[in-house]
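>>> Below: sequence and its predicted model.
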Amino acid sequence: MKKNIVLILLLLVVLGGVSFLAWRAYLLPWLTQDTVTIAVVGPMSGPDKVYGEAILKGIRLYLETSQAQDALQHKTIDLQIFDDRSDVRTAVEVATHIAEETNSVLVLGHEYSSTSFAAGKVYKRAGIPAITGTATAESVTEDNDWYFRTIPTNKFQADFTANYIKYALQRDAVSIIFENGDYGASLAASFEQTAQKLDLTIVRKWEFNPDDATLETHLQRIITNIQSLDDPGVLFFATYETNAAKIITAIHRPDNPHTIIGADALSDDLIIKALQAYPREQETPGYYSDGIYVVTPLFIDVASESAQTFRRAYRAKYYEDPSWDAAYYYDAAAVAIAAIAQSDLQGEDYIHSNRRKIRQALTKFYHPDNAVKGATGNIYFDNNGNVRRPFAIGKYEHQIFLPAFTQYQTLSDVSNQMTNFFDLALTGDVILANGQMMRQVQIVRTGIAIHDITQVDLSQGLYTIDCSLWFRFQGDLDVANLTFADAVSPVHLDSPILDQQDGDTTTQIYRFTATFKHNLLFHAYPFDWHTLPIRFHHTTLTRDQLIYVPDVVPPPASLQAQMDANASHILDLPGWQIIDISSYQDAISKVSTLGNPKYFHQEHQIIYSQISVHVDIQRETLTFALKQFAPLLLMILVAGAALGFPSDYIGVRTLLVLLALIATAAYHISVLIRLPVAYLTPLEYALFGVYVVLALEMLTVTSMYAFYRRKLTLVQAIYLFQPLSDKIKVALSRKMRKHRYKKPGQIILRQGERGDSLFVIIQGEVAVWVRFKDGTFLEIARMHAGDFLGEMALLTDEKRNATIISTTPVFLGEITKADILPLLKRHPQMLQTMSEVLARRMIQREVEKGQSVDEDARFAEIIDKISQTFKGTDTQASDT
């Protein structure tokens with residue numbers, strides 16, 4: 001006994017130790033998660049509410065990423081949202097409240113440079129770090145080492161724009177139009193400085209105050225001055241959209257349009273929305289806007305692979321394309337979480353210490369080697385808390401904002417990326433903007449027209465496509481030197497079937513036919529749909545030299561007409577239809593040393609710009625699916641038919657189930673032959689379901705047969721039925737009904753009630769109680785499995801002469817008068833036989849009880865009584 005107690009105590013100690021370790025490792029961290037508060041400030045109401053919503057969407061999207069979750073570990077982020085209404089005074093009030101009355105360790109905001117600059121003074125004084133993703137004025141971070149930004153500054157933008165005008169547009173003269181606020185004035189000043197260094201002639205410079213009561217007079221004077229100039233050069237607008245639209249519409253020259261380039265305040269289609277207020281732009285889309293260049297902090301179509309990933313995630317969550325505001329605040333959130341992860345934060349009582357720790361962590365992101373990976377690239381700060389990365393240039397065509405044909409990308413390793421660096425710098429292929437080296441990248445807009453898809457073999461992933469590719473580009477480029485990733489054999493594009501020039505833009509069309517092979521997935525078979533991809537990239541030019549982007553402008557008219565005429569019968573595959581054809585730009589990496597000894601024995605990655613065209617096809621599901629599942633239904637029906645036979649037909653029942661099983665296996669093999677995949681499809685899951693049904697049915701058949709045999713044994717053991725033939729006993733066993741009494745003490749039969757059935761105890765025990773005339777009860781017997789009761793009532797309709805009560809859970813079989821009547825009609829002699837057996841048994845019992853019995857008279861009496869009971873039941877019919 002003591003030994004057992006010791007063992008139990010040891011077991012409890014072990015279990016307690018394991019439970020403690022589990023609690024310590026998993027439950028305790030979860031229960032003691034630290035909450036870190038971040039304040040988010042922006043225009044959450046009013047006309048600029050859309051920008052506040054974009055800020056929140058970008059931040060929340062990053063917080064849901066696995067990178068954020070991994071970095072935070074056991075910390076949770078509490079976002080406190082504040083509305084500055086794009087108003088300077090409100091921004092200061094909100095900043096003061098955050099700094100003094102909240103537990104926020106960090107601020108993400110504000111939208112504008114004016115609100116950021118004003119609030120930044122509060123943050124600096126209170127010692128709370130802040131990160132903006134949209135404010136670009138230098139004043140925001142100058143002399144404020146508590147403010148950081150993930151977007152390049154106005155100076156960087158101005159330097160970049162001046163270089164773009166000089167080298168990409170190849171123009172030597174500019175005029176500047178700017179608003180004299182923080183945003184416009186800083187842009188104009190930096191642009192002018194860089195223009196002078198680049199020997200760009202500044203023809204004129206105009207400024208205006210948007211809040212001046214005489215604004216319209218000033219704007220009209222600017223318009224008149226521009227109209228008086230033969231060539232004002234490139235017009236650089238460092239303004240917001242409303243006033244820019246007033247000037248652009250007034251100076252418009254259809255016969256000799258000005259070259260206009262706007263700062264980032266005109267991006268996100270803001271200038272289009274402003275111009276659409278004018279009737280000419282409404283009647284003829286692009287009347288004023290065509291040809292306008294706009295600087296944008298992010299053009300995802302020509303951005304890095306991380307930007308493509310961000311866009312896909314944003315679309316999946318919000319069902320819309322992201323603005324650059326969302327992207328840069330996604331990056332701001334990424335930097336914030338990285339800083340929090342690297343700071344040893346303490347409780348809320350240490351709020352000032354925590355803020356200092358986070359600011360210190362932010363200053364450690366100062367080099368590419370310790371940068372934070374974001375949507376727009378690697379994020380690291382200079383001494384002023386700013387990032388340096390090139391802007392993108394877009395150009396409007398028919399109110400569509402398209403990437404300009406020339407872009408610039410950051411050079412991270414000049415010596416290894418090019419050997420002719422100085423020659424490229426002289427030609428403008430490499431520029432230096434605000435200390436950042438950038439290389440010129442050519443953009444090629446491409447589209448595809450698919451004419452036919454034939455010889456489709458889905459099981460092998462083979463398909464032949466006849467199509468036309470068109471390219472729009474500038475300069476002398478071999479755009480058709482392509483490598484097709486999925487082509488069975490190399491594809492060589494011959495001479496273009498169209499080669500036309502429209503100003504500086506070249507349009508080429510190539511037609512070819514090729515066979516492709518792609519690993520198709522059948523996870524949804526037979527409800528499947530597939531993507532037939534066409535993927536290509538330039539054979540020699542890498543992504544830092546050339547980027548392909550999908551062309552959203554319609555193809556040349558001749559090709560468009562051919563596409564329209566052929567749209568309804570492209571796919572030659574009965575039972576399938578095309579549901580979508582889409583194109584998108586991504587990147588493909590390959591490993592090569594490029595002959596550079598530095599990369600010997602290393603996996604140096606070469607990245608190419610790739611266009612992926614997806615032809616999505618879908619099966620016409622209903623008819624095909626019915627054909628695939630009909631055999632399974634047939635198998636189940638065949639096996640189900642087995643249950644229609646009596647339980648004793650075990651051979652027939654088993655045969656039907658086995659036939660269904662063999663047929664199902666044969667069908668399964670045929671599916672595997674025509675669909676050789678290693679994973680399971682819905683059809684195979686259905687097949688396994690049929691196997692389960694057949695197995696259960698076989699189990700049911702055998703168990704029913706076993707139960708039938710048990711009932712037959714019980715029937716054979718009843719003295720009343722022993723003289724009957726085996727055929728009749730089988731029939732009686734089929735008729736036997738089942739009854740369950742789950743609890744002891746349940747009354748099964750009640751003394752004095754009339755009955756017409758016989759019961760056989762299959763399982764359990766019952767007590768037999770008799771009530772005497774004086775009202776007393778006495779248990780006279782116990783009956784068990786194999787015993788039977790009520791046989792007299794079956795044949796004579798007599799009242800029950802005892803009460804039967806369950807003493808355990810009981811399982812009974814019942815044969816009623818209604819069950820034996822059909823048998824009596826077919827076998828009239830059966831009643832006589834049963835009557836004689838019952839009469840002899842009853843006389844024997846009476847004799848055993850010591851009663852004086854005239855056996856002959858008693859025998860005749862019982863026989864007569866049974867005969868009277870069945871009188872009129874047609875039991876005397878001849879045997880059929």
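Ah, there it is.

>>> Distance of residue 246 relative to residue 277?
Distance, residue 246 to residue 277, by C-beta to C-beta, to the nearest Å: 10 Å. Where you see a C-beta, it was placed from the backbone N, CA and C, and this is true even at glycine.

>>> Oh, that last question was meant for residue 676, not what I typed.
In terms of C-beta to C-beta, residue 676 sits 62 Å off from residue 277.

>>> now the spatially most central residue of the chain: how far from residue 309?
Nearest to the geometric centre of the chain sits residue 316, at 7.3 Å (C-alpha atoms, centre = their mean). Computed as C-beta to C-beta, the residue 316 to residue 309 distance reads 11 Å.

>>> before we move on, what about residue 865?
94 Å.

>>> So the two - more neighbours on which side?
Each of residue 865 and residue 309 has its neighbours counted (other C-beta atoms under 10 Å); residue 865 has more, 16 against 13.

>>> wait, what's in contact with the residue nearest to that one when sequence neighbours are not counted?
Spatially, and ignoring its direct neighbours in sequence, residue 865 is nearest to residue 796 (5.4 Å; C-beta to C-beta, 6 or more residues apart in numbering). If you count contacts by C-beta atoms under 8 Å, 6 or more residues apart in numbering, residue 796 has them with 862, 865-866, 869.

>>> how about those residues in JSON lines, adding pLDDT and secondary structure?
Shown next, in JSON lines, are the contacts of residue 796 (pLDDT from 0 to 100; DSSP: H, G, I helix; E, B strand; the rest coil):
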{"residue": "862", "pLDDT": "78", "secondary structure": "helix"}
{"residue": "865", "pLDDT": "80", "secondary structure": "helix"}
{"residue": "866", "pLDDT": "76", "secondary structure": "helix"}
{"residue": "869", "pLDDT": "74", "secondary structure": "helix"}
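
>>> Check which helix or strand residue 506 maps to.
In the assignment (DSSP states H and E), residue 506 maps to strand 505-517.

>>> before we move on, what about residue 41?
Counting by DSSP H and E, residue 41 is part of strand 34-42.

>>> In the sheet, which strands lie alongside that strand, parallel or antiparallel?
strand 75-83 (parallel), strand 104-108 (parallel) (DSSP bridges).

>>> Residues touching it, excluding its own?
Contacts for strand 34-42 (C-beta under 8 Å, 6+ apart): 51-52, 55-56, 59, 72, 74-84, 91, 94-95, 98, 102-111, 119, 336, 340, 345.

>>> Next, please give the residue ranges for the helices of the stretch 701-850 of the chain.
726-735, 791-796, 817-826, 829-848 (DSSP state H, counting those that start in this stretch).

>>> got it, and the stretch 51-200 of the chain?
66-72, 88-101, 113-126, 154-163, 182-197.

>>> With respect to burial, which of those scores highest?
helix 154-163 (a mean of 25; mean count of other C-beta atoms under 10 Å).

>>> tell me how far it is from the chain's mean position?
Offset of helix 154-163 from its chain centre (C-alpha atoms, centre = their mean, to the nearest Å): 40 Å.

>>> what residues does it touch?
Residues from elsewhere that reach helix 154-163, judged by C-beta under 8 Å, 6+ apart: 113, 136-138, 152, 174, 183, 186-191, 193-195, 198, 200, 236, 238, 261, 263-264, 295, 386, 388, 390-391, 408, 428, 431-434, 436, 438.

>>> One more pass at 6 Å, please.
136-138, 186-187, 190-191, 194-195, 198, 295, 391, 431, 433-434 (C-beta atoms under 6 Å, 6 or more residues apart in numbering).

>>> go on, stretch 196-203?
Against stretch 196-203 from outside (C-beta under 6 Å, 6+ apart): 162, 166, 172-175, 195, 232-233.

>>> Tell me the one of those residues nearest residue 380?
residue 162 (24.5 Å; C-beta to C-beta).

>>> how about residue 236, phi and psi?
Note on residue 236: its backbone torsions stand at phi -100, psi 120 [degrees, to the nearest 10].

>>> close enough to count as contact, it and residue 175?
No - contact criterion C-beta atoms under 6 Å: residue 236 and residue 175 do not qualify, at 7.1 Å.

>>> quick one: contacts for residue 683?
525-526, 628.

>>> Would you map the strands across the stretch 151-300 of the chain?
Remark: strands assigned in the stretch 151-300 of the chain by DSSP state E, counting those that start in this stretch are 173-179, 201-208, 234-238, 260-262, 293-296.

>>> looking at those, which is buried most?
Greatest average neighbour count among the strands of the stretch 151-300 of the chain goes to strand 234-238 (a mean of 27), per mean count of other C-beta under 10 Å.

>>> CA atoms only for it - export them in CSV, please.
Listed next in CSV are the C-alpha coordinates belonging to strand 234-238 (Å, rounded to 0.1, in the frame of the first residue of the first chain):
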residue,chain,number,x,y,z
VAL,A,234,10.1,72.8,-69.3
LEU,A,235,7.5,74.1,-66.8
PHE,A,236,8.2,72.7,-63.3
PHE,A,237,5.1,72.9,-61.0
ALA,A,238,5.9,72.9,-57.3
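
>>> Which stretches in the stretch 451-600 of the chain count as helices?
Per DSSP H, counting those that start in this stretch, the stretch 451-600 of the chain carries helices over the ranges 557-566.

>>> Residue 349 and residue 123, how far apart?
For residue 349 relative to residue 123 (C-beta to C-beta), the value is 21 Å.

>>> oh, I was asking about residue 251
Using C-beta to C-beta, residue 251 is found at 42 Å from residue 123.

>>> Ramachandran coordinates for the residue nearest to the centre of the chain?
According to degrees, to the nearest 10, residue 316 has phi -60, psi -30.

>>> Tabulate the contacts of residue 796 (JSON lines), appending distance to residue 359.
Below are the contacts of residue 796 laid out as JSON lines (distance: C-beta to C-beta, whole Å):
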{"residue": "862", "distance to residue 359": "110"}
{"residue": "865", "distance to residue 359": "109"}
{"residue": "866", "distance to residue 359": "107"}
{"residue": "869", "distance to residue 359": "104"}
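
>>> Tell me, how many residues neighbour the residue lying closest to residue 659 once chain neighbours are set aside?
What sits nearest to residue 659 in space, not counting adjacent residues and going by C-beta to C-beta, 6+ apart, is residue 638, at 6.5 Å. By other C-beta under 10 Å, 17 other residues sit near residue 638.

>>> Could you look up the SS state of residue 638?
Taken by DSSP: H, G, I helix; E, B strand; the rest coil, the conformation at residue 638 corresponds to helix.

>>> so it makes contact with residue 662?
No - using C-beta under 6 Å, residue 638 is not in contact with residue 662, being 10.7 Å away.
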